[in-house]
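[1] Any chance you could fold what I've pasted below:
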Amino acid sequence: MNSKDSEADPNHLKNNKSTFVALKIPAYRIYFGVLLMQTFAMNMQMVARSWFIYELSGSAIMLGAISLCSALPLLTVSLFGGVLADRMRKKDILVAAQIASALVAFMIAVSITLGKISWVHLFIAAFLQGVVMSLMMPARQAIIHELVGEDTLMNAIALSTAAMNLLRLTAPAFAGFFIALWDIEGVYYIMSVLYMIGFFVAILLPKTKTIQFKNRGTVHEVKDVLRYIRGNKNVMAILFLTLVGTILSMPYMFLLPIFAKDIFMVEAASFGTLVSLPVVGSLLMALTESSARQGLLISISGIGALAGSLIIASMSNKNRGLFFLLSLLLSSISLVIFSTTSSYLLALVVFIPLGFGHSGRLVLSNTLLQSNTDDQHRGRVLSVYYMNWGITLSGVFLVSVLADLFGIRLALGGSAALLAVVTLYYLFFTPRIRSLD
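    Next comes the predicted model:
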C-alpha cells in the first residue's frame, strides 16, 4: 500500500491518537467542508430568524411557535429520513439538502427585498427547513461512520462538533452585527450562497453504501427500528437521557431575543470615550442593538463549546458515559446562573461553561449512540435521535408559554434546575449510562 492509499484507508489510523486524526482521511475532509458551509449558514439563521420574528411580533409565544413549526417535520418525517439514510446513498441526500436549503433562504431574502415579508413567510420557511433537516440529518451523521470507521468515530464526531462550535464563535456575531449595522436581507442572501457552495463541495464526496431491505416497506422498517431500540437497553437509555437533556436545556437558545432585548440592556454611555475610536467604537455602539447582543452571546458560548469539542477529540474511548452526564450537569448549572442575572457581562462569562457542557452532551450522546448501534439500524436510530430535537422544539413552545405566564427567568431557570436533579439521579443511582465506554 503506497502512502496515498494508506492515507485514504481509515483502518491504518486506528492506533493514532492525534487530536486531528480524522482529518487525515480525504473523504472526511470533503465532508468537513460541506459541514462548514452548512453550519455557518445555520448559525446565521439561528440569530436572524429569531431576532426578526421577535421584532415583528414582540411575543415570546411567537418565538415558541416558530420553533414548533420547525419541530413538526422533525416529529413526523425524521423516521422516514432514517429509512432514506439506510436505503439511499447518503451523499445524494446531502447534495439535495444543500440545494433545498439555498432555495428556502433565497425565498426569504427576495421577500424582504420586495417588501412583502411577514411572519407567515418566516413560518413557512421554518417548516420547509424543518423538512429538509428531518430528511438530511440522519444521513449527515450516519455517513461519518462509513467515511472514518469505528476506531476514529469519536474523533471525527468531536472534530465535526468543534467545527460547528468554531463557527458559533463567528457566524452568530457576524449575523447580529450585520443586522445592526446594515440590514436583515443581506444575511439571507449570504446564507443562500453558503448553501450553494456546500452543494458543489458535497458533489465531491465518495459514493457511500446502502442497506438492502429485501423489498420490505417503509412502515415495516420504522417498526423494525422501534423494536430494535426497545431491545437495546443502552440505546434506549441514551435516547431517553438525550431527550430529557435537550428539552430542559435547549429552550434558552430560541428565547435569547427576550433576554437580549428586554433584560440585558446596554447603554452607549457605559463605553465612555471608547465609542470615539475608529472601528472599535462602531462595534461597541452596535451592542446597543439587541441583535448584536444576541449574536455575541451565542458566539461567546462557542469558546467553551470549541474547547469542549477539542478536549473530547483528544480523549480515549473510556468513561464516555460519565463525561456525558457531567456535561449535562455543567449545562444545567450554567443555565440556572444565566437565568438569574441581569448583568450582560456575567451572562457572557457564564455562556463559556454553558457552551462547554452543550458541546460535550452533543458529541458524547451521538458517539455513544452510534457505537452501540449496528450498521443495519444506524441511520434509522439516528433519525429517532433527531426526533428528540423535534420534541425539544415543541418544548420550546411550552417554555415560551410559561415565560408569558410566569416570566422568562422562572421558566428557563426552573427547567434547568429540573435537569440538574435528573442528571444527579443518573450520576449517583443509575450505573448503566455512567459506566458506558
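[2] can we go C-alpha only for contacts and neighbour counts from here?
    OK.
[3] Show me which residues of the strand or helix carrying Ser332 are buried.
    Using DSSP states H and E, Ser332 sits in helix 320-340. The neighbour-count check on helix 320-340 (16 or more other Cα atoms under 10 Å) flags 320-336, 338-339 as buried.
[4] just how off-centre is it within its chain?
    Centre-to-centre, helix 320-340 and its host chain are 17 Å apart (Cα atoms, centre = their mean, to the nearest Å).
[5] Give me the helices and strands touching it, please.
    helix 233-249, helix 344-371, helix 408-429, helix 431-434 (3 or more Cα pairs under 8 Å, 6 or more residues apart in numbering; DSSP states H and E).
[6] show me where pLDDT drops low in the protein?
    Within the chain, the ranges that satisfy pLDDT under 70 run 1-18, 209-218, 265-287, 389, 392-394, 437.
[7] Output the longest helix belonging to it.
    The residue-count maximum for a helix in the chain (DSSP state H) belongs to helix 26-57.
[8] Identify all contacting residues around the helix or strand just after it.
    Per DSSP H and E, helix 26-57 leads on to helix 60-76 as the next helix or strand towards the C-terminus. Helix 60-76 has contacts (Cα atoms under 8 Å, 6 or more residues apart in numbering) with 50, 53-54, 122-123, 126-131, 133-134, 254-255, 258, 386-394, 396-401, 403-404.
[9] Just the buried ones among those residues, please.
    Among the contacts of helix 60-76, the ones that count as buried by 16+ other Cα under 10 Å are 50, 53-54, 122-123, 126-131, 133-134, 254-255, 258, 386-394, 396-401, 403.
[10] From these, which land in helices?
    Using DSSP H, the buried ones among the contacts of helix 60-76 in helices are 50, 53-54, 122-123, 126-131, 133-134, 254-255, 258, 386-394, 396-401, 403.
[11] three-state assignment of the closest residue to Gln141 other than its chain neighbours?
    Leaving aside its sequence neighbours, Gln141 sits nearest to Leu382 (Cα to Cα, 6 or more residues apart in numbering; 7.5 Å). Put simply, Leu382 is helix when judged by DSSP: H, G, I helix; E, B strand; the rest coil.
[12] gap between Leu382 and Ile229?
    Going from Leu382 to Ile229 by Cα to Cα, to the nearest Å gives 11 Å.
[13] ok, now Asp404?
    37 Å.
[14] One more: Met62?
    For Met62 relative to Ile229 (Cα to Cα), the value is 35 Å.
[15] With Leu122 instead?
    Counting by Cα to Cα, the gap from Leu122 to Ile229 is 35 Å.
[16] do the same with Phe40
    For Phe40, the distance to Ile229 (Cα to Cα) stands at 33 Å.
[17] Val222 now?
    Counting by Cα to Cα, the gap from Val222 to Ile229 is 11 Å.
[18] Also Ser332?
    Separation of Ser332 from Ile229 (Cα to Cα): 27 Å.
[19] Equivalent analysis for Phe254, please.
    Counting by Cα to Cα, the separation of Phe254 from Ile229 is 30 Å.
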